[in-house]
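>>> only geometry, no sequence info:
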């Protein structure tokens, strides 16, 4: 038995790495839909279709006990459809991020950054407001963060430039907490903290561990880890090596 993790691309390897480090004996199979990345610019119906296909591949090829959506766009748009179709626990990154942000903020001013699809879904905003309507919420789509990360430029001057461009106006509004609403963004966490030293950063790739720990599954497996991608690129290889080292990967078609 194992768990399946999927993302629109390789950003979800931040979640994969976090889970693998925390549960070293758990078998984990990751699928990055690199042929169709990014999901964040797609319609909701398309995101649901792609998410179901990724989940179906993992269910068909591995005896997974739970499914982790390591993609904010898919978590915000497709989680209910996945829960309805697959008879296993399905966990997304939205609710863990919300819970962590509410624990973290002191002045109740939170900024959510993510893809356009995640921001348009208002999934974080609505989830926070349901728990605490007094929270003041700001949202910002940061589409250039994904290519910056995928090209390995997270310590490059272009990263500094775009972080300031996207976030500076919100920092001046006295927000104290930023939710990284895309699984690529943890690779920019250190640079954001370097520029805005007083900001608290919520990373769903670690917040999700609490939810996984509560699952009624067998965590004592062989510790097998395997990555699947739907297309190869050098940026995938570079980012994989940066995040998870020499874990093996396969290039697959989700129609298999």
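Here it is on my side, so go on. These numbers come from a predicted model, not from an experiment. Residues are numbered from 1 along each chain as shown.
>>> ok, the closest residue to residue 39 other than its chain neighbours - contacts?
Residue nearest to residue 39 in three dimensions, not counting chain neighbours: residue 8, with 3.8 Å by Cβ to Cβ, 6 or more residues apart in numbering. Backbone N, C-alpha and C define where each C-beta goes, glycine included. By Cβ atoms under 8 Å, 6 or more residues apart in numbering, the contact set of residue 8 is 32-33, 36-40, 50, 71, 73-74.
>>> Could you do residue 36 as well?
8, 50, 230.
>>> Please repeat the previous calculation with a cut-off of 6 Å.
residue 50 (Cβ atoms under 6 Å, 6 or more residues apart in numbering).
>>> mind checking how far it is from residue 42?
Counting by Cβ to Cβ, to the nearest Å, the separation of residue 36 from residue 42 is 8 Å.
>>> Okay, strands next: where are they in the stretch 51-200 of the chain?
Counting by DSSP state E, counting those that start in this stretch, the segments of the stretch 51-200 of the chain that form strands are 64-69, 90-91, 109-114, 136-141, 177-181, 200-203.
>>> which other helices and strands contact the first one?
Translated: strand 64-69. Strand 64-69 sits against strand 2-7, with contacts defined as 3 or more Cβ pairs under 6 Å, 6 or more residues apart in numbering; DSSP states H and E.
>>> right, and the helix or strand after the strand it packs on?
helix 13-22 (DSSP states H and E).
>>> what's the angle from the following helix or strand past that following helix to strand 2-7?
Counting by DSSP H and E, the next helix or strand C-terminal to helix 13-22 is strand 28-32. Counting by axes from the mean of the first three to the mean of the last three Cα atoms, to 10 degrees, strand 28-32 points 20 degrees away from the direction of strand 2-7.
>>> in its sheet, what does strand 28-32 sit against?
strand 2-7 (parallel), strand 225-229 (parallel) (DSSP bridges).
>>> which of the ones you listed sits most buried?
strand 2-7 (a mean of 27; mean count of other Cβ atoms under 10 Å).
>>> what's next to it, contact-wise?
Here strand 2-7 has contacts from 16, 27-32, 54, 58, 62, 64, 66-68, 70-71, using Cβ under 6 Å, 6+ apart.
>>> before we move on, what about stretch 234-244?
By Cβ under 6 Å, 6+ apart, stretch 234-244 touches 10, 13, 17, 34, 150-152.
>>> For these, name the two members farthest from one another.
17 and 151 (19.1 Å; Cβ to Cβ).
>>> When those two are compared, which one has more neighbours?
Between residue 17 and residue 151, counted using other Cβ atoms under 10 Å, residue 17 has the larger neighbour count: 19 against 15.
>>> Please tell me how far that one sits from residue 131.
28 Å.
>>> and if you look at residue 45?
For residue 45, the distance to residue 131 - Cβ to Cβ - is 28 Å.
>>> same deal with residue 19?
Here the criterion is Cβ to Cβ. By it, residue 19 lies 25 Å from residue 131.
>>> likewise residue 184?
In terms of Cβ to Cβ, residue 184 sits 26 Å off from residue 131.
>>> In terms of neighbours, single out the busier of the two.
A direct count of neighbours by other Cβ under 10 Å for residue 184 and residue 131 places residue 184 higher, at 31 against 10.
>>> Who are the contact partners of the more buried one?
11, 146, 149.
>>> Neighbour-wise, give me the winner out of those residues.
residue 11 (28 neighbours).
>>> which stretches of the protein form helices?
Assigned by DSSP state H, the chain shows helices spanning 13-22, 44-61, 72-85, 94-104, 116-121, 123-131, 145-150, 157-171, 189-195, 204-207, 209-213, 234-244.
>>> Is it possible to get TSV of these that adds distance to residue 110 and mean pLDDT?
TSV is the format used below for these (distance: least, Cβ to Cβ, whole Å; pLDDT from 0 to 100):
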stretch	distance to residue 110	mean pLDDT
helix 13-22	20	94
helix 44-61	24	96
helix 72-85	15	94
helix 94-104	5	96
helix 116-121	13	89
helix 123-131	7	96
helix 145-150	18	89
helix 157-171	10	96
helix 189-195	15	96
helix 204-207	14	89
helix 209-213	19	94
helix 234-244	26	87
